[in-house]
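K.L.:
Sharing a sequence plus its predicted fold:
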Amino acid sequence: MTRWHSFLRSFGDLLFDRRCAACGTSLDPALTDAPAAHRVFCPLCADALAPMEGCRCTRCADLFASARRNHVCGDCLRHPPPFDTVLCDLQYGGPLAQAIARFKYGPRPTLAAPLSTLLSIQPVSVDVAVPVPLSRSRLISRGFNQAALLAAAAARCRHIPVDAFSLRRREGETQVGKTGAQRRRDLSRVFFVQRRNAFSGRRVLLVDDVVTTGATVRAAATILRREGGAASVTVLCLARTTTGP
Ligand SMILES: [Zn+2]
Ligand SMILES: [Zn+2]
């Protein structure tokens, strides 16, 4: 290997973390053609991942404990979400939760490249990728927005631009001790668009690392449509918490 090649290799290693994203074990460099999960996690952690398998809600992607086909869940029927659907291939938990925690709180922004290879590539008609924003103080303390790094990767692979500036987040108060209804009310005020109709008529791919209750992406999608003028919003996330099966 020439000195130039070894320089490129170490530069590549810097960009693409070659250790298990969850436990830090060194990965076999020969695994370049392995499935994405085995290029990101060691065999033990890869086997412990929980794919989003089974029937799911066609809107929020929550899995059903017992259903024979995909349909809209009761929650989404009662309160139709402002987004069309949630694209996600993996359930939150285990090694994936560990990897996301290392990515965000490590903080290890270099995990963005390997983790973004786990994003769903399900085809969908979208025009622009938009990350769920962090507040300014959170961005300063963490140094990067994990959703923006994932959105950039998703935009590259879907050949669409990324807009990480038009959707903004106000400084939030602490949510500790607040009820679900109070949190939802706070969230409805937390997002705003830099310029009215910034997404006029465009189909937005809203990207976040984890979707839990869905309250955050609901609030962001509402603003994207109501104030940003977006024609539609599709949510893309790395992991989703599920209530079943
Ligand atoms: Zn591992
Ligand atoms: Zn649903």
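P.N.:
Received it, and whenever you're ready, just let me know what you need. Numbering: from 1, shown residues only. Ligands and ions are numbered 1, 2, ... in the order given.
K.L.:
Near Val162, how many other residues are there?
P.N.:
19 (other C-beta atoms under 10 Å). C-beta: built from backbone N, CA, C; applies to glycine.
K.L.:
With the one 3 residues further on instead?
P.N.:
Burial of Phe165, expressed as a neighbour count using other C-beta under 10 Å, amounts to 13.
K.L.:
again, but for the one 4 residues further on
P.N.:
Other residues lying near Arg169 total 21 when counted by other C-beta under 10 Å.
K.L.:
Same question for Cys20.
P.N.:
For Cys20, using other C-beta under 10 Å, the count is 22.
K.L.:
cool, Leu119 as well?
P.N.:
With other C-beta under 10 Å as criterion, Leu119 counts 22.
K.L.:
you'd agree it is up against Leu238?
P.N.:
Yes: counting by C-beta atoms under 8 Å, a contact exists between Leu119 and Leu238, whose distance comes to 6.1 Å.
K.L.:
Identify the contacts common to the two.
P.N.:
Shared contacts of Leu119 and Leu238 (C-beta atoms under 8 Å, 6 or more residues apart in numbering): Leu150.
K.L.:
just the strands in the chain please.
P.N.:
Counting by DSSP state E, the chain has strands at residues 86-87, 128-131, 167-169, 191-193, 203-211, 232-240.
K.L.:
Of those strands, which is nearest ligand 2?
P.N.:
Evaluated with C-beta to the ion, the strands of the chain place strand 86-87 nearest to ligand 2, the distance being 8.4 Å.
K.L.:
Spell out which parts of this structure neighbour ligand 1.
P.N.:
Counting by C-beta under 5 Å from the ion, the residues of the chain close to ligand 1 are Cys20, Ala22, Cys23, Thr25, Cys42, Cys45.
K.L.:
mind checking how far the fourth one is from Val190?
P.N.:
To tie it back to what came earlier, the one meant is Thr25. Applying C-beta to C-beta, to the nearest Å, the value for Thr25 to Val190 is 38 Å.
K.L.:
what's the answer for the first one, then?
P.N.:
Cys20 sits 35 Å away from Val190 when distances are taken as C-beta to C-beta.
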